[in-house]
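Novice: structure for the following, please:
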Amino acid sequence: QVQLVESGGGLVQPGGSLRLSCAASGVIFSINDMGWYRQPPGKQRELVATITRGFVTNYADSVKGRFTISRDNAKNTVYLQMNSLKPEDRAVYYCNADIWGRGTGYRTYWGQGTQVTVSS
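Specialist: So this is what the prediction gives:
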């Protein structure tokens with residue numbers, strides 16, 4: 001069974017940095033797009049950044065220049081380096097990925113979410 005497991009969230013002061021990781025496990029034949037989304041308190045889930053298998057990236061305007069998405073295809077892992085964090089970046093961060101697993105074809109999977117809190 002394919003799973004996405006996130007790590008790296010926590011509490012950080014404004015201006016600080018965090019690095020999120022999300023590793024896919026299970027029987028995986030291929031992974032296409034991977035991405036990060038977030039859900040601020042009381043708001044809907046929103047796109048943060050995506051990255052294709054060929055490393056083409058896309059960012060929400062609110063994080064451009066501060067966040068960097070990357071991936072390691074050999075490790076089936078996607079990362080989100082978050083710098084210059086602001087209080088409004090506070091949210092539960094979710095990774096997702098389009099994964100070709102055994103017997104499924106490509107399906108979209110979501111991680112369980114990791115909390116990021118930016119506060120002094």
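Novice: going forward, measure contacts between C-alpha atoms and count neighbours the same way
Specialist: OK.
Novice: any idea what the residue most central in space within the chain is bridged to?
Specialist: Nearest residue to the geometric centre of the chain (C-alpha atoms, centre = their mean): Trp36, 2.9 Å. In this entry, Trp36 is beta-bridged to Ala49, Cys95, by DSSP bridges.
Novice: dump the residue contacts of it.
Specialist: Residues counted as contacts of Trp36 (C-alpha atoms under 8 Å, 6 or more residues apart in numbering) are 47-50, 80, 93-96.
Novice: let me know the closest of those to Leu20.
Specialist: Taking C-alpha to C-alpha as the measure, Leu20 lies nearest Leu80 of those, at 5.0 Å.
Novice: I figured the closest one hits Phe67, correct?
Specialist: Yes - if you go by C-alpha atoms under 8 Å, Leu80 and Phe67 touch, sitting 6.7 Å apart.
Novice: please say which of the two ends up with more neighbours.
Specialist: Leu80 (23 against 20; other C-alpha atoms under 10 Å).
Novice: how close does the spatially closest residue to Ser84 that is not a sequence neighbour get to Met82?
Specialist: Nearest non-adjacent residue to Ser84, counting by C-alpha to C-alpha, 6 or more residues apart in numbering: Gly15, 4.1 Å away. Separation of Gly15 from Met82 (C-alpha to C-alpha, to the nearest Å): 10 Å.
Novice: more neighbours, these two?
Specialist: Between Gly15 and Met82, counted using other C-alpha under 10 Å, Met82 has the larger neighbour count: 20 against 14.
Novice: who does that one bridge with?
Specialist: Here Met82, judged by DSSP bridges, has bridge partners Leu18, Phe67.
Novice: and for the nearest residue to Ala91 once chain neighbours are set aside, the neighbour number?
Specialist: Nearest residue to Ala91 in three dimensions, chain neighbours excluded: Pro40, at 4.1 Å (C-alpha to C-alpha, 6+ apart). Neighbours of Pro40 under the rule other C-alpha under 10 Å: 17.
Novice: and Pro40, what does it touch?
Specialist: By C-alpha under 8 Å, 6+ apart, the contact set of Pro40 is 89-92.
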